[in-house]
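Undergrad: After the sequence you'll find the predicted model.
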Amino acid sequence: MSLENISCQKSFGGWHKRYRHRSSSLNCDMVFAVYLPPQAEQGAKLPVLYWLSGLTCTDENFMQKAGAMRMAAELGLVIVAPDTSPRGEGVPDDPQGAWDFGLGAGFYVNATEEPWARHYRMYDYVVQELPALIEANFPVSDRRGISGHSMGGHGALVCALRNPGRYRSLSAFAPIAHPLDCPWGEKAFSRYLGEDRARWKEWDACALMASAQEKLPILVDQGDRDDFMATQLKPEALQQAAKAAGHPLTLRLQPGYDHSYFFIASFIEDHLRHHAEALKA
Ligand SMILES: N[C@@H](CCC(=O)N[C@@H](CSC=O)C(=O)NCC(=O)O)C(=O)O
């Protein structure tokens, strides 16, 4: 599978690079970003953190706004940021052009319903296709961590909970904790997965936690001035699910913070350290 390098900038002694490639999971061209810390030029195979962004994002939001590169360079962590949905000609979008469904809103599921099923398979893309591509083309090991924000925070939880042994570390910022029971989730799941709510449970972090075979410790930060917290994010549902399942969860309510990348930038160092500790153990 060929990768086309479309940009390259030096950052904190390493490199931020963007690539375009053909995705067989998504049936379209995709762009992802990778941060390669300075250690990548020294011959070692480095651990990788996959970052899943939220609604309306591309690979660029995290790389440009989170301020993660200084710490990734210090810790020797590669970071990979995919896009949030399939893109391009022939990829269907929300008929009204809404920002919370369709383009920029793939929800990291494999759609089963038409007209979404041909392209909207972000779960297969981020769990299988992209890591295979990264591991074949960059100096990385199979030590993988996963994190994300909002829709992507939930995506990270689901990818790890569904794949015991695949990730060694897990965290999230302000995840949509229980999409079965919030407007963003109900809208996306009813269209991508159909109206049978029983099938949605395979894609809901709170539901998956009950039967998870692996109990990776989870770090979650949530701003208490986040306008989406009560209606869409519902961190209390995650806390209850973790308690019921005996799943180790550190949920930190951060006073005064909202849903933005200012919040993410404020706590990204803690998350990168959380991942580095597990990935290097
Ligand atoms: N466009 C919307 C706001 C959308 C928004 O807040 N998106 C978040 C993720 S929300 C959950 O998945 C985001 O990360 N935005 C990108 C950014 O760079 O901030 C509106 O206008 O209200």
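TA: Good, I have the coordinates.
Undergrad: can you give me the helices for the stretch 51-200 of the chain?
TA: 60-65, 69-75, 122-124, 130-137, 151-162, 183-192, 197-200 (DSSP state H, counting those that start in this stretch).
Undergrad: right, so those helices: which one is the most enclosed?
TA: When those are scored by mean count of other CB atoms under 10 Å, the highest mean neighbour count falls to helix 151-162 (a mean of 28). (Each C-beta comes from the backbone N, C-alpha and C, glycine too.)
Undergrad: elements contacting that helix?
TA: Counting contacts by 3 or more CB pairs under 8 Å, 6 or more residues apart in numbering; DSSP states H and E, helix 151-162 packs against strand 46-52, helix 122-124, strand 140-148, strand 169-173, helix 205-209.
Undergrad: Just say which of those is most tucked in.
TA: Most buried of the helices and strands packed on helix 151-162 by mean neighbour count (mean count of other CB under 10 Å) is strand 169-173; its value is a mean of 28.
Undergrad: just to revisit the earlier point, adding distance to Phe101 as columns, could you present the helices of the stretch 51-200 of the chain in JSON lines?
TA: Formatted as JSON lines, these follow (distance: least, CB to CB, whole Å):
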{"stretch": "helix 60-65", "distance to Phe101": "18"}
{"stretch": "helix 69-75", "distance to Phe101": "31"}
{"stretch": "helix 122-124", "distance to Phe101": "13"}
{"stretch": "helix 130-137", "distance to Phe101": "22"}
{"stretch": "helix 151-162", "distance to Phe101": "11"}
{"stretch": "helix 183-192", "distance to Phe101": "6"}
{"stretch": "helix 197-200", "distance to Phe101": "15"}
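Undergrad: Now render these as a markdown table, adding mean pLDDT and distance to the ligand.
TA: As requested, the helices of the stretch 51-200 of the chain are arranged in a markdown table below (pLDDT from 0 to 100; distance: least, CB to the nearest ligand atom, whole Å):
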| stretch | mean pLDDT | distance to the ligand |
| --- | --- | --- |
| helix 60-65 | 98 | 4 |
| helix 69-75 | 98 | 16 |
| helix 122-124 | 99 | 13 |
| helix 130-137 | 98 | 19 |
| helix 151-162 | 98 | 3 |
| helix 183-192 | 98 | 7 |
| helix 197-200 | 97 | 18 |
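Undergrad: Looking at the ones you listed, spot the one closest to Ile218.
TA: Of all the helices of the stretch 51-200 of the chain, helix 151-162 sits nearest to Ile218, with 7.1 Å by CB to CB.
Undergrad: from the middle of its chain, how far away would the closest one be?
TA: Distance of helix 151-162 from the chain centroid (CA atoms, centre = their mean, to the nearest Å) equals 6 Å.
Undergrad: quick check: angle from that helix to strand 169-173?
TA: Angle, helix 151-162 to strand 169-173, by axes from the mean of the first three to the mean of the last three CA atoms, to 10 degrees: 150 degrees.
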